[in-house]
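*Asks:* Structure, please.
(one chain, ligands or ions: 2)
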Amino acid sequence: MPDLIPPPLSLYVHLPWCVRKCPYCDFNSHGARGELPFDDYVAALVRDLEHDLPLVWGRTVHSVFFGGGTPSLFPAAAIEAILSAASARLRFAPDAEITLEANPGTAEHDRFEGYRAAGVNRISFGIQSFDDGCLQRLGRIHDSREAEAAVKLAQDAGFDNLNLDLMYALPGQDLAMAERDLERAFALQPAHISHYQLTLEPNTVFYARPPQGIPDDDLAWDIQEHCQALLAGAGYGHYETSAYARPGRQCAHNLNYWRYGDYLGIGAGAHGKITLGAEQAILRRWKHKHPATWMAAAGTDQAIGGNDRIAPAQRPFEYMLNALRLHEGFALADFEVRTGLPRARIAAALEQARANGWLQVDDVRVAPTALGRRFANDVISLFL
Ligand SMILES: C[S@@+](CC[C@H](N)C(=O)[O-])C[C@H]1O[C@@H](n2cnc3c(N)ncnc32)[C@H](O)[C@@H]1O
Ligand code: SF4
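*Replies:* Ligands and ions are numbered 1, 2, ... in the order given. Reported below is the predicted structural model:
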């Protein structure tokens, strides 16, 4: 059996509030009512981090991601306090990527300068669309003009590493509208674009009452194909199911997830995955979801929603679920050190997927073919 070798480590920080809840969103996010307890939340994050530290003694953090919710609701001083507390307790790589998610409806100039001064070096904007009708139907708090202005504010504050989140197959959207959204994104010259198909998630308003005019599967496929071509033409390399980047601008934090790297997750509902070298185990740990419950318990075992050890038999499926999202696929040597299993364990499934035309396999690497990407669920289920 190969040894499990701890992979690069990332830190995820969950900030759970939004101005108001969007009707399509099933993230652990909560509409803000009244004043938000920023200081108490930051103090709870520090306690949560301290409680998790024994899992990662001596390891270096390669990326940090402030996700939400809407992290840009937090003042820069709060982000600065979290980053200084984290860097006092963990070794940060000098080139660590530090991303903060922002909603264009919460943008102020001073705030971006403050985030930069705090050490944030990448902003990920939830744009969704540049069409004001689509934005309204999505229940967004900003219009397209505010979205463009917010991106420019961040650029003026010195951020050159920006991601724009766009969604497609939106209520009332046709192909030309989806293409126009991309053209308006290109005009802002972001380093990275995430292009997600709108999905109706259980436990959302859209799921209970689907809006009129959602494109059918054929139109959604058409939009996806045309948009992929536009993105490629504009110099954005398609490197993961929904992620496109200029050369050298792939998201290091998400890449680490997809490569089955490790991450600590702090904050309400945050998930972590940590390889414990000494025990030759992989631990998943998640925190209580509700902000008030989590805050009250942070720093104690009561804040932990659960701990799960990933049995060796589950690891091939988990690994494939992540690694096969990447166009580059993975190296068989990485599969071995990150799952602690010999490649022989997946040889039969790999051969089956290769014979079906789903995977390209050689002695060193495995990568999904275009067909394999289209039938991703079938490919992954071979490894169950
Ligand atoms: C946590 S949100 C990020 C930023 C911020 N909260 C905002 O919305 O402006 C992450 C992204 O996931 C995408 N997303 C959320 N719900 C989705 C859904 N139901 N289907 C597809 N994409 C979704 C959106 O593009 C969103 O920007
Ligand atoms: S999409 Fe973003 S802003 Fe809307 S509720 Fe979800 S996390 Fe909040």
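
*Asks:* ok, so what distance separates the nearest residue in space to Phe375 that is not next to it in sequence from Arg325?
*Replies:* Distances taken as Cβ to Cβ, 6 or more residues apart in numbering place Trp358 nearest to Phe375, at 6.2 Å, with adjacent residues excluded. Quick note: C-beta positions are derived from backbone N, CA and C, even for glycine. Distance of Trp358 to Arg325, given as Cβ to Cβ, to the nearest Å: 14 Å.

*Asks:* Comparing the two, which residue is more hemmed in?
*Replies:* Neighbour count, other Cβ atoms under 10 Å: between Trp358 and Arg325, Trp358 has more, with 24 against 20.

*Asks:* show me the contacts for the more buried one.
*Replies:* Shown in contact with Trp358 (Cβ atoms under 8 Å, 6 or more residues apart in numbering): Pro368, Thr369, Leu371, Gly372, Phe375, Asp378, Val379.

*Asks:* Just the strands from the stretch 151-300 of the chain, written as ranges.
*Replies:* 162-168, 192-197, 237-240, 243-245, 262-266, 271-276, 281-287 (DSSP state E, counting those that start in this stretch).

*Asks:* quick one on the thing from earlier: quick check: phi and psi at the residue nearest to Phe375.
*Replies:* Main-chain torsions, Trp358, degrees, to the nearest 10: phi -90, psi -30.

*Asks:* pLDDT value on it, please?
*Replies:* pLDDT, Trp358: 98.

*Asks:* Kindly provide the distance from it to Arg338.
*Replies:* 21 Å.

*Asks:* do the same with Ile5
*Replies:* Between Ile5 and Arg338 the computed distance is 8 Å (Cβ to Cβ).

*Asks:* Which of the two has more residues huddled nearby?
*Replies:* Arg338 (25 against 12).

*Asks:* Kindly state the beta-bridge partners for the residue of the chain found nearest ligand 1.
*Replies:* Nearest residue of the chain to ligand 1: Gly126, at 2.0 Å (Cβ to the nearest ligand atom). Taking DSSP bridges as the rule, Gly126 bridges to Asp165.

*Asks:* give the contact list for it.
*Replies:* Contacts for Gly126 (Cβ under 8 Å, 6+ apart) come out as Thr70, Glu101, Ala102, Asn103, Pro104, Asp165.

*Asks:* cool, Cys22 as well?
*Replies:* Leu138, Gly139, Arg140.

*Asks:* do Val120 as well
*Replies:* Phe66, Ile79, Leu83, Ile98, Thr99, Leu100.

*Asks:* how about the nearest residue to the last one, chain neighbours excluded?
*Replies:* Using Cβ to Cβ, 6+ apart and skipping residues adjacent in sequence, the residue nearest Leu100 is Phe66, 4.3 Å away.

*Asks:* cool, the second one as well?
*Replies:* Counting by Cβ to Cβ, 6+ apart, Ile79 lies nearest to Ala118, which is 4.8 Å off, once chain neighbours are set aside.

*Asks:* Get me the contact residues on the chain for ligand 2.
*Replies:* Along the chain, the residues adjacent to ligand 2 under the rule Cβ under 6 Å from any ligand atom are Cys18, Lys21, Cys22, Cys25, Phe27, Ser29, Gly68, Gly69, Thr70, Asn103, Gly126.
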